[in-house]
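1. Fold the following for me, if possible:
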Amino acid sequence: MRYVADVVATMDEDCRVHRPGALDVAEGRIAWVGAAADAPVTRGLGEERRVGGLLMPGLVNAHGHSPMTLLRGAGDGLPLERWLSEAIWPKEARLTPEDVWWGMQLGCSELLRAGVTSTCELYLHSGAVADAALAAGIRCVLTPGIFDLPGAGPQATWQRLLEEAAQLHADLDGRDGLLRVGLGPHAAYTLPPDGLAAVAKVARELDALVHVHVAETRAEGDAVRARHGCGVPELLERAGILDGRVLAAHAVWVADDELDLFARQDVAVAHCPQSNAKLGSGVARVPAMIDRGLRVGIGTDGPASNDNLDLWEELKLAPLLARAVACDASVLGAVEALRLATNGGAAALGLDCGSLAPGRVADFVRVELEDAAFVPAQSGEDILTLLVWAASSRLVTDVWVAGRHLVSGGVCRSVDEPRARREVATRARRLRES
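-> Have a look, this model is predicted:
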């Protein structure tokens, strides 16, 4: 299939914009991209589809708990520690795999409609999360949650959950070319040092990504320092976590020497500006991370602390907060913010998506240009800038993952969203009332 659009924004290393542009897709991957006038004559090419609008890479959600659609809005106004212990964990202890499947189905529909084609998920009942993601057709890096969940009984221990995560890796890693399985130790304050060390050992054996919450709040760092005599990054280093592939979620309260440690160990970071702001956790030092060469992506976190899965809001809020904190309008430019939500997130997760380039997977979205948000736009750079400051997910009309057309005319065709809404509403009512 050849797709011809009014604009193709590649988000490759040079952020090239083709007006008009064309994109060739074969067997789920991009075969060619460039100016429409330069499109090659290709033997065996199927239909040419003129889509108009703008084609760009799908967004990459670097940190999420999407099944928490079941808990959307819970504990508003509470800081993280009380939010978890009072509003979240008591309900999560009563979740069933079927609850989580429907929560993830609704989350996938919300993500896809917002132009998110890849998501990194850390949650419980991970088999159900995997099945729901595969059914929806979204690209997913699944990192099963590992910690002692209060009130969930003897089955929900970090030892048992680590065993289940390793088995899930053996069973599902690489499934359908869409699912990667890693490990999700919850945090340094919910796992003992021997638990962190055990996770590090299994991760090395499997060459699996470790996805962990790091220094999300000031109180977290203070508690870890009081108990172990060091900050969160050093504790993770002592346990061997940082010896492998690591994605640090949040990393809000991280000092210069700790960022230097991350740079030496090639630790990637998932920045979650909206969730951190809503919970009053602070603002991560993204410009300092980028200056050190860290791989940084943007994440929604869960819909109970955000309270949506609209990554477009995050890619606008990230530079706004960075500039407000620095009192400097030149910090974190719009194009750099767009990079964080596309190829930055892909690099953080080790995925071959995030840009429109030959050989990359064909994960892309169409954005409607016939809107006031793009008036006036004189140049390709203008368009990229307005994608951040003026556009929004409401302009996403179509979404493809691995070449499959999952969202058409703004409707997610791979999820029965009306039923998912009903199921999640019913199950959320049970969790609230029990």
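2. Check for me that V212 belongs to a strand.
-> Yes. Under DSSP: H, G, I helix; E, B strand; the rest coil, V212 sits within a strand.
3. so which strand or helix has the most centrally placed residue in the chain?
-> The structure's the chain has its C-alpha centroid closest to N61; by C-alpha atoms, centre = their mean the separation is 1.9 Å. Assigned by DSSP states H and E, N61 belongs to strand 59-64.
4. which parts of the helix or strand following that strand are buried?
-> Going down the chain from strand 59-64, the next helix or strand is helix 80-82, by DSSP H and E. For helix 80-82, the neighbour count (16 or more other C-beta atoms under 10 Å) marks L80 as buried. Any C-beta I mention is one placed from the backbone N, CA and C, and that applies to glycine too.
5. In contact with the residue nearest to the residue nearest to the centre of the chain when sequence neighbours are not counted, which residues?
-> Computed as C-beta to C-beta, 6 or more residues apart in numbering, the closest residue to N61 that is not its neighbour in sequence is T119, at 4.1 Å. Applying C-beta atoms under 8 Å, 6 or more residues apart in numbering to T119 gives the contacts 60-61, 64, 66, 108, 111, 133, 138-141.
6. Now do the strand holding N61: which elements does it pack against?
-> Applying 3 or more C-beta pairs under 8 Å, 6 or more residues apart in numbering; DSSP states H and E, one finds that strand 59-64 makes contact with helix 97-113, strand 116-121, strand 246-250, strand 268-271, strand 296-298, helix 311-326, helix 345-349.
7. Now mean pLDDT and distance to V388 too, for these, in JSON lines please.
-> Listed next are the helices and strands packed on strand 59-64 as JSON lines, based on pLDDT from 0 to 100; distance: least, C-beta to C-beta, whole Å:
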{"stretch": "helix 97-113", "mean pLDDT": "98", "distance to V388": "19"}
{"stretch": "strand 116-121", "mean pLDDT": "98", "distance to V388": "16"}
{"stretch": "strand 246-250", "mean pLDDT": "98", "distance to V388": "22"}
{"stretch": "strand 268-271", "mean pLDDT": "98", "distance to V388": "15"}
{"stretch": "strand 296-298", "mean pLDDT": "98", "distance to V388": "12"}
{"stretch": "helix 311-326", "mean pLDDT": "98", "distance to V388": "6"}
{"stretch": "helix 345-349", "mean pLDDT": "98", "distance to V388": "15"}
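8. Nearest to T10, out of the ones you listed?
-> helix 345-349 (13.2 Å; C-beta to C-beta).
9. so after that closest one, what's the next helix or strand?
-> That would be, after helix 345-349 and using DSSP H and E, strand 364-367.
10. Neighbouring strands of that next one in the sheet, and parallel or not?
-> In the sheet, strand 364-367 lines up against strand 54-57 (antiparallel), strand 396-401 (antiparallel) (DSSP bridges).
11. Mind giving me the packing neighbours of the helix or strand following it?
-> Downstream of strand 364-367, the next assigned helix or strand under DSSP H and E is helix 380-389. Identification of packing neighbours for helix 380-389 by 3+ C-beta pairs under 8 Å, 6+ apart yields strand 7-9, strand 17-18, strand 54-57, helix 311-326, helix 334-339.
12. Can you tell me which of those is most buried?
-> strand 54-57 (a mean of 26; mean count of other C-beta atoms under 10 Å).
13. can you give me how far that one is from the chain middle?
-> Its chain's C-alpha centre and that of strand 54-57 lie 18 Å apart, by C-alpha atoms, centre = their mean, to the nearest Å.
14. Now do it, average pLDDT.
-> What strand 54-57 shows for mean pLDDT is 98.
15. which residues are contacting that strand?
-> By C-beta under 8 Å, 6+ apart, strand 54-57 touches 3, 5-11, 21, 23, 117, 342-343, 353-356, 363-369, 383, 387.
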